[in-house]
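S.K.: Give me a 3D structure for the following:
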Amino acid sequence: MPLQTSCFGLPPEYLFLSSLNTNGTTIFLDDNPENLKTIRTNNAATQIYKVKHHVAAKEAYNLLKQARVDPVCAPQAGPLRFSSCKLALKQLPNSVYELKWDVILVDGQSTDKPEAPGRMSAIYTAAMIARTGNLTDVLVHDVDKMIEKWFTREFLCEENLISSKGKLWHLRITGNSSSTSFCSRTTIQIL
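M.R.: As a prediction, the model looks like this:
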């Protein structure tokens, strides 16, 4: 069955996803210019785009606190590409916002250094995009890291956790909800 698959981050080994997704659409979003230069695919339904992560890892704590109370960051705040939420990735290709995604994979840039771009925006954006579909499987890599765990719990919600293995969480998000909060049950405040 063809799937709509979006991936934030492009380690070369992920190209197998597009070969498995015959007749579906696979989009890779990567901020590493080296990956964009060297990786090619022969599949016309596979697209690779450069994305700029605009938020440094050192801003994670303040951004999470702000997103919790700012209505522009709520799940029903309006179209993501026009959002004024500081976490929203607004410069993505139109198809990322328009398609109903079956699978979203968040991997990529490292948050090992405070100045490095963090995955906060990718996780938030994945959560918003998943909620516009019907049912979307979201996989987040490196949830053993503090920022990835905070933002995954906050926006993708542990209640949606299907499975976990090592550093990878698999969550299933039901979309088309009129909910004004990301998580349906009380979330433990981590900050």
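
S.K.: For this protein, just list every one of the strands.
M.R.: For the chain, the strands defined by DSSP state E occupy 4-8, 25-30, 46-50, 103-106, 135-141, 161-165, 168-174.

S.K.: Against residue 27, how distant is residue 117?
M.R.: For residue 117, the distance to residue 27 (C-beta to C-beta, to the nearest Å) stands at 19 Å. Placement of C-beta: from N, CA and C, glycine included.

S.K.: same thing with residue 47?
M.R.: 5 Å.

S.K.: ok, now how distant is the residue most central in space within the chain from residue 136?
M.R.: In the chain, the C-alpha nearest the mean C-alpha coordinate belongs to residue 126, at 3.0 Å (C-alpha atoms, centre = their mean). Noted for residue 126: a distance of 9 Å to residue 136, by C-beta to C-beta.

S.K.: Need the residues touching each of the two.
M.R.: residue 104 (C-beta atoms under 8 Å, 6 or more residues apart in numbering).

S.K.: tell me the helices in the protein, going along the chain?
M.R.: 15-20, 33-38, 60-69, 94-98, 120-130, 146-151 (DSSP state H).

S.K.: Could you tell me the angle between the third one and helix 120-130?
M.R.: Inter-element angle recorded for helix 60-69 and helix 120-130: 30 degrees (by axes from the mean of the first three to the mean of the last three C-alpha atoms, to 10 degrees).

S.K.: and helix 60-69, what does it pack onto?
M.R.: helix 120-130, helix 146-151 (3 or more C-beta pairs under 8 Å, 6 or more residues apart in numbering; DSSP states H and E).

S.K.: quick one: average confidence on that helix?
M.R.: What helix 60-69 shows for mean pLDDT is 96.

S.K.: which residues touch that helix?
M.R.: With C-beta under 8 Å, 6+ apart, helix 60-69 has contacts from 55, 73, 85-87, 111, 118, 120, 124, 147, 150-151, 154, 191.

S.K.: Show me how to select, in PyMOL, the buried members of these.
M.R.: With 16 or more other C-beta atoms under 10 Å as the criterion, this PyMOL line picks the buried residues out of the contacts of helix 60-69:
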select buried, resi 55+73+85+86+87+111+118+120+124+147+150+151+154
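
S.K.: Can you tell me the closest non-neighbouring residue to residue 71?
M.R.: Residue nearest to residue 71 in three dimensions, not counting chain neighbours: residue 77, with 6.5 Å by C-beta to C-beta, 6 or more residues apart in numbering.

S.K.: any idea how far residue 139 is from the one you found?
M.R.: The value you get for residue 77 to residue 139, if C-beta to C-beta is used, is 24 Å.

S.K.: Same check on residue 94?
M.R.: Taken as C-beta to C-beta, the span from residue 94 to residue 139 is 24 Å.
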